[in-house]
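> Mind looking at a prediction? Sequence and model below.
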Amino acid sequence: MSGFVASPSTADLAKLARIKKIPIVEDVGSGAITASEEFGLHEHEPTPMEALRTGVDLVCFSGDKLLGGPQAGIIAGK
């Protein structure tokens, strides 16, 4: 990408979704349950709870990477 590039925040999208009365879902990847910075990682990965606090209705994340085991996906929220 080149030029001006921006992405709306999850909170902004959640606010718009509430106004339009449509559900919003976010996929947070591995589903880290603690701040990634605690492990020396430079890039913050949002936790499922952080995503839900921004106002999303559902959050999806990986259970196998989080818990170690067979393939698993988790959906949490309203």
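All right, it came through fine. Numbers count the residues shown, from 1 in each chain.

> and the lengthiest helix in the chain, which residues are buried?
As assigned by DSSP state H, the longest helix anywhere in the chain is helix 10-20. In terms of neighbour count (16 or more other CB atoms under 10 Å), helix 10-20 has its buried residues at 10, 13-14, 17. Where you see a C-beta, it was placed from the backbone N, CA and C, and this is true even at glycine.

> Closest to Ser36 out of these?
Ranked by distance to Ser36 (CB to CB), those are led by Thr10 at 16.5 Å.

> what's next to the longest helix of the chain, contact-wise?
Helix 10-20 is contacted from outside by 23-24, 26, 46, 51, 54-57, using CB atoms under 8 Å, 6 or more residues apart in numbering.

> what about the helices in this structure?
Ranges of helices in the chain, per DSSP H, are 10-20, 48-53, 63-67.

> quick one: which of the ones you listed is nearest Phe39?
The nearest among these, by CB to CB, is helix 63-67 at 13.6 Å.

> Contacts for the closest one, please.
With contacts defined as CB under 8 Å, 6+ apart, helix 63-67 is touched by 30-33, 69-74.
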